[in-house]
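Novice: quick one, what's the 3D model for this:
(one chain, ligands or ions: 1)
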Amino acid sequence: MFCGLTGIVWLHRKIQDAFFLVVGSRTCAHLIQSAAGVMVFAEPRFATAIMEERDLAGLADANDELDRVVDELLARRPDIRMLFLVGSCPSEVIKLDLSRAAQRLSKKHAPALRVINYSGSGIETTFTQGEDACLAALVPEAPSNPAGAPASLLVVGTLPDIVEDQFRRLLGEIGIPKVDFFPPRRSGDIPAIGPGTRFLLAQPFLGDTTLKLEDRGAVRIPALFPFGAEGTTAWLTAAAEAWNIDPAHVQRVVAPGQERARRALERHRETLAGKTLFLFPDSQLEPCLARFLSRELGMKLIEVGTPYLNKDLLSRELEALPDDVLISEGQDVDRQLDRCRAARPDMVVCGLGLANPLEAEGLTTKWSIELVFSPVHGFDQAADLAGLFARPLRRQTMLKV
Ligand code: SF4
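Specialist: Reported below is the predicted structural model:
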């Protein structure tokens, strides 16, 4: 299974002058290196400060060791402007206080470097919570919106640059005057946040970040998430409504993208329509995927499992699901496996730990982790998202032939 450290894979690509230093074990280092596929001679912007047995046994002062590692890192990489100290299971077990370490190191290296900490530990978390923890830790770094500042839109959630550029263009054409993205591409560009900020979530798993933004006075715009033609249209329309923009104008702007997405989805619909789908809880994207796959591609939902169900953030998604679908929260895997085996669905969406055993039982699976490694938001990625589900079914058909 993947833990919250996995988020570093997409977060480090996004914030281009940040470095992620995991304070963990060899297992943590191995997970990150295999998930990110690091080249030996590349200078990646993440690493693991490995805690040895003497650290874990309290024989060495872990704080001194950490300061030494950070000094070495900064001497070698003076371009780093933001350093994330990322906690892990081992650092939490020995109760290493990374927030104090971050304060100490920030003071020492200011103003060239800001040091922030968050936990990516796998203790009772799903792998997408790492991004939520990182972004929640980043909110206090944002300057405040001065009183009376004009309203601005903040898009929250890590998006590949190509998708961010598409959304920025569409939101600009719709007529929203100021649009910022969080996290930003450079750590010095964190946008101001305050009562004038209206924010749209791009990912459904950002519950803690949402609370931190609301504490700063920002107001969330409820919407479907921007997956598929329907979700993307609803997401953009919700932003336009918050600025009282003429719906006819919004429709004119979104129509070409909507049409491209619908046409591109047609070929996947041939493969997916009528096929049954069972989603195990893993990524927290499950309700959004279920809505997209059932409403735009005609799949029949058997069960939609999700590790946590934030009914507030997902209210629009839940309303869009069929009334008779079983939605399950949490991980009672044995009972879910029983229900899945009894239903024999055409496709199962699950984590890596379940995928191989289920494949061995003749079921077709899709790993949910792929959904956060690929650009899948927006009109022009809708067919790629559908393709992730259609491909295993096509392969299965070819193997049968
Ligand atoms: S943080 Fe925990 S779950 Fe994640 S790789 Fe390290 S030890 Fe494993």
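
Novice: what kind of secondary structure is the closest residue to the ligand within the stretch 1-150 of the chain in?
Specialist: In the stretch 1-150 of the chain, the residue found nearest to the ligand is Gly122; the distance is 2.5 Å by CB to the nearest ligand atom. C-beta: built from backbone N, CA, C; applies to glycine. Three-state call for Gly122 (DSSP: H, G, I helix; E, B strand; the rest coil): coil.

Novice: so it sits right up against Cys3, yeah?
Specialist: Yes: the criterion here is CB atoms under 8 Å, and Gly122 meets it with Cys3 at 2.9 Å.

Novice: what touches both of the two?
Specialist: When contacts are counted by CB atoms under 8 Å, 6 or more residues apart in numbering, Gly122 and Cys3 are jointly contacted by Cys89.

Novice: and the residue of the stretch 1-150 of the chain closest to the ligand, what's its pLDDT?
Specialist: Looking at Gly122, its pLDDT stands at 88.

Novice: burial count for it?
Specialist: 22 (other CB atoms under 10 Å).

Novice: list phi and psi for it.
Specialist: phi -90, psi 10 (degrees, to the nearest 10).

Novice: okay, the helix or strand that contains Leu293 in CSV with CA atoms only?
Specialist: Using DSSP states H and E, Leu293 falls within helix 286-295. Coordinates of each C-alpha in helix 286-295 appear next as CSV, following Å, rounded to 0.1, in the frame of the first residue of the first chain:
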residue,chain,number,x,y,z
GLU,A,286,-14.0,7.2,-5.7
PRO,A,287,-17.4,9.1,-5.6
CYS,A,288,-16.2,11.5,-8.3
LEU,A,289,-15.0,8.6,-10.5
ALA,A,290,-18.2,6.7,-9.9
ARG,A,291,-20.2,9.7,-11.0
PHE,A,292,-18.1,10.2,-14.2
LEU,A,293,-18.1,6.5,-15.1
SER,A,294,-21.8,6.0,-14.6
ARG,A,295,-23.2,9.2,-16.0
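
Novice: what packs against that helix?
Specialist: With contacts taken as 3 or more CB pairs under 8 Å, 6 or more residues apart in numbering; DSSP states H and E, helix 286-295 sits against helix 228-242, strand 276-279, strand 300-306, helix 315-320, helix 382-400.

Novice: in TSV: those, plus mean neighbour count, distance to the ligand and mean pLDDT.
Specialist: As requested, the helices and strands packed on helix 286-295 are exported to TSV (neighbours: other CB atoms under 10 Å; distance: least, CB to the nearest ligand atom, whole Å; pLDDT from 0 to 100):
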stretch	mean neighbour count	distance to the ligand	mean pLDDT
helix 228-242	22	31	98
strand 276-279	24	23	97
strand 300-306	23	20	97
helix 315-320	16	28	97
helix 382-400	17	25	87
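
Novice: now the strands for this protein?
Specialist: For the chain, the strands defined by DSSP state E cover 18-24, 46-50, 82-87, 114-119, 152-156, 179-182, 197-201, 219-220, 276-279, 300-306, 326-329, 347-350, 365-367.

Novice: picking up where we left off before, now distance to Asp338 too, for the helices and strands packed on helix 286-295, in a markdown table please.
Specialist: A markdown table is the format used below for those (distance: least, CB to CB, whole Å):
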| stretch | distance to Asp338 |
| --- | --- |
| helix 228-242 | 31 |
| strand 276-279 | 12 |
| strand 300-306 | 11 |
| helix 315-320 | 25 |
| helix 382-400 | 23 |
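
Novice: and of those, who's closest to Val254?
Specialist: Among the helices and strands packed on helix 286-295, the nearest to Val254 by CB to CB is helix 228-242 (5.4 Å).

Novice: tilt between that closest one and helix 382-400?
Specialist: 160 degrees (axes from the mean of the first three to the mean of the last three CA atoms, to 10 degrees).

Novice: tell me how far helix 228-242 lies from the chain's centre.
Specialist: From the chain centre to the centre of helix 228-242 is a distance of 19 Å (CA atoms, centre = their mean, to the nearest Å).

Novice: my read: Leu289 touches Val372, true?
Specialist: No: here Leu289 lies out of contact with Val372, judged by CB under 8 Å, at a distance of 11.6 Å.

Novice: looking at those two, which is more packed in?
Specialist: Neighbours per residue (other CB under 10 Å) separate Leu289 from Val372, with Leu289 holding more: 28 against 21.

Novice: can you tell me how far that one sits from Leu265?
Specialist: 14 Å (CB to CB, to the nearest Å).

Novice: could you do Ala343 as well?
Specialist: 25 Å.

Novice: next one: Arg77
Specialist: Arg77 is 44 Å from Leu265, by CB to CB.

Novice: run through the stretch 151-300 of the chain and note the low-pLDDT ranges.
Specialist: In the predicted model, the stretch 151-300 of the chain carries no residue with pLDDT under 70.

Novice: find the closest residue to the ligand in it.
Specialist: Closest point on the stretch 151-300 of the chain to the ligand, by CB to the nearest ligand atom, is Asp282, at 14.6 Å.

Novice: ok, that residue - how many residues close by?
Specialist: Residues within reach of Asp282, counting by other CB under 10 Å, total 26.

Novice: repeat that for the one 5 residues further on.
Specialist: For Pro287, the number of neighbouring residues by other CB under 10 Å comes to 25.

Novice: distance of the residue nearest to it when sequence neighbours are not counted from Phe181?
Specialist: The shortest distance from Pro287 to any residue other than its chain neighbours is 4.5 Å, reached at Glu317 (CB to CB, 6 or more residues apart in numbering). Taking CB to CB as the measure, Glu317 falls 22 Å from Phe181.

Novice: equivalent analysis for Leu352, please.
Specialist: Leu352 sits 30 Å away from Phe181, going by CB to CB.
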